[in-house]
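Novice: could you look at this predicted model? Sequence included:
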Amino acid sequence: MKALLLRMFIFRMLALASILGLLSTSLSAAEPNLPGNDLGVTNPSMSDSAGSEAMAKWARSCALCHITGEANAPVVGDTEEWQQRLQKGEAALLNNVVNGINSMPPLGYCMSCEAADFRVMIDFMAGVK
């Protein structure tokens, strides 16, 4: 049992390291808040320091569930799944993040995240451009 837990932990850490590597290369090419932003908010550019910081927080707190769909979390880039959520509006999305929903804990365990961080994270996961 301990060996299985250790293997799962190692796998998750390797996956997280891979995600961080991919994010670091893609953040420099990310475009800021392009037209079509369904949230209707102005977000910091993912290439500026606030956006980069938000994505680092995402990698620490959100990636494990939102990369794999763990506990039915909406998967990064699944635009169809995210479109349903975006239609509920920014206030509803932020309320779900702050208070938790289904298996997602309040704040997604990101106790250092601010609303602006969550906006960047939501845009990233939803593929909003």
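Specialist: On my side now, so go ahead. Everything numeric in this text was worked out from a predicted model, so none of it was measured. Numbers count the residues shown, from 1 in each chain.
Novice: lowest-confidence helix or strand of the chain?
Specialist: Least confident helix or strand of the chain, by mean pLDDT, DSSP states H and E, is helix 2-27 with a mean of 65.
Novice: check which element follows it along the chain.
Specialist: Following helix 2-27 in sequence order, the next helix or strand is helix 49-61 (DSSP states H and E).
Novice: buried residues in that next one?
Specialist: Residues 51, 52, 53, 54, 55, 57, 58, 59, 61 are the ones in helix 49-61 that count as buried (16 or more other C-beta atoms under 10 Å). No exception for glycine: its C-beta is placed from N, CA and C like everyone else's.
Novice: do you know the pLDDT at the first one?
Specialist: Put plainly, it is residue 51. At residue 51, the pLDDT value in this model is 82.
Novice: please tell me how far it sits from residue 120.
Specialist: Distance, residue 51 to residue 120, using C-beta to C-beta, to the nearest Å: 5 Å.
Novice: what about this structure, any weak spots by pLDDT?
Specialist: Across the chain, the ranges flagged by pLDDT under 70 are 5-6, 9, 11, 13-14, 16-18, 20-48, 129.
Novice: once you drop chain neighbours, what's closest to residue 73?
Specialist: residue 65 (4.0 Å; C-beta to C-beta, 6 or more residues apart in numbering).
Novice: who's in contact with the one you found?
Specialist: 71, 73, 103, 104 (C-beta atoms under 8 Å, 6 or more residues apart in numbering).
Novice: got phi/psi on the closest residue to the first one other than its chain neighbours?
Specialist: Meaning residue 71. Closest residue in space to residue 71, ignoring its immediate chain neighbours: residue 103 at 3.6 Å, by C-beta to C-beta, 6+ apart. Per-residue torsions, residue 103: phi -90, psi -10 (degrees, to the nearest 10).
Novice: pretty sure residue 103 contacts residue 74?
Specialist: No. Using C-beta atoms under 8 Å, residue 103 is not in contact with residue 74, being 11.6 Å away.
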